[in-house]
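Peer 1: give me a 3D structure for the following:
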Amino acid sequence: QVQLVESGGGSVQAGGSLRLSCVASGRTFNAHALGWFRQAPGKEREFVAGINWNGDTTIYEDSVKGRFTISRDNAKNTVYLQMNNLKPEDTAVYYCTFVQRADYRSPLRNHWGQGTQVTVSS
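Peer 2: Here you go, the predicted model:
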């Protein structure tokens, strides 16, 4: 059974930073790509960043390039999202999940955790 537990969200002012963590289990962690997604109120869930099994390939949604960094620690079954220079438009609930090897924007299954809320004030 896949379990995903996100943490690290909070409320910050514009320009601030947060580091999100996600502990994932239920699959062989170091065999799978992972992704971060977010969902703002009234909007569809959208892709934010993806990382391959060993961390040497990453991709980002255009609006977060240069501000967000995805990384992973396979020994801890954890994927991270370092978010710098946060903007009010980054306000959303953030989720992680296993993603398809050939397309990091596509979840492997419809497995989601509870998410972690990020609120950025101007």
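
Peer 1: now do the helices in this protein.
Peer 2: Taking DSSP state H, the chain contains no helices at all.

Peer 1: at the geometric centre of it, which residue do we find?
Peer 2: residue 36 (2.3 Å; CA atoms, centre = their mean).

Peer 1: can you verify my assumption that that one contacts residue 83?
Peer 2: No: between residue 36 and residue 83 there is no contact under CB atoms under 8 Å: 9.5 Å. Heads up, the C-betas are built off the backbone N, CA and C, glycines and all.

Peer 1: what touches both of the two?
Peer 2: Taking CB atoms under 8 Å, 6 or more residues apart in numbering as the contact rule, residue 36 and residue 83 both touch residue 20.

Peer 1: picking up where we left off before, report the contact partners of the residue nearest to the centre of the chain.
Peer 2: By CB under 8 Å, 6+ apart, the neighbours of residue 36 are 20, 22, 47-50, 70, 79, 81, 94-96.

Peer 1: for it, name its beta-bridge partners.
Peer 2: Beta-bridge pairing of residue 36 under DSSP bridges involves residue 49, residue 96.

Peer 1: and residue 118, how many neighbours?
Peer 2: 22 (other CB atoms under 10 Å).

Peer 1: residues in contact with it?
Peer 2: With CB under 8 Å, 6+ apart, residue 118 has these contacts: 9-10, 12, 18, 20, 38, 83, 86, 90-94.

Peer 1: any idea of the pLDDT on residue 30?
Peer 2: Looking at residue 30, its pLDDT is 85.

Peer 1: meant to ask about residue 107, not that
Peer 2: Among the per-residue scores, residue 107 shows a pLDDT of 94.

Peer 1: residue contacts, it?
Peer 2: 35, 37, 97-100.

Peer 1: mind running it again at 10 Å?
Peer 2: 35, 37, 45, 47, 95, 97-100 (CB atoms under 10 Å, 6 or more residues apart in numbering).

Peer 1: among these, name the buried ones.
Peer 2: With neighbours counted by 16 or more other CB atoms under 10 Å, the contacts of residue 107 contain buried members at 35, 37, 45, 47, 95, 97-99.
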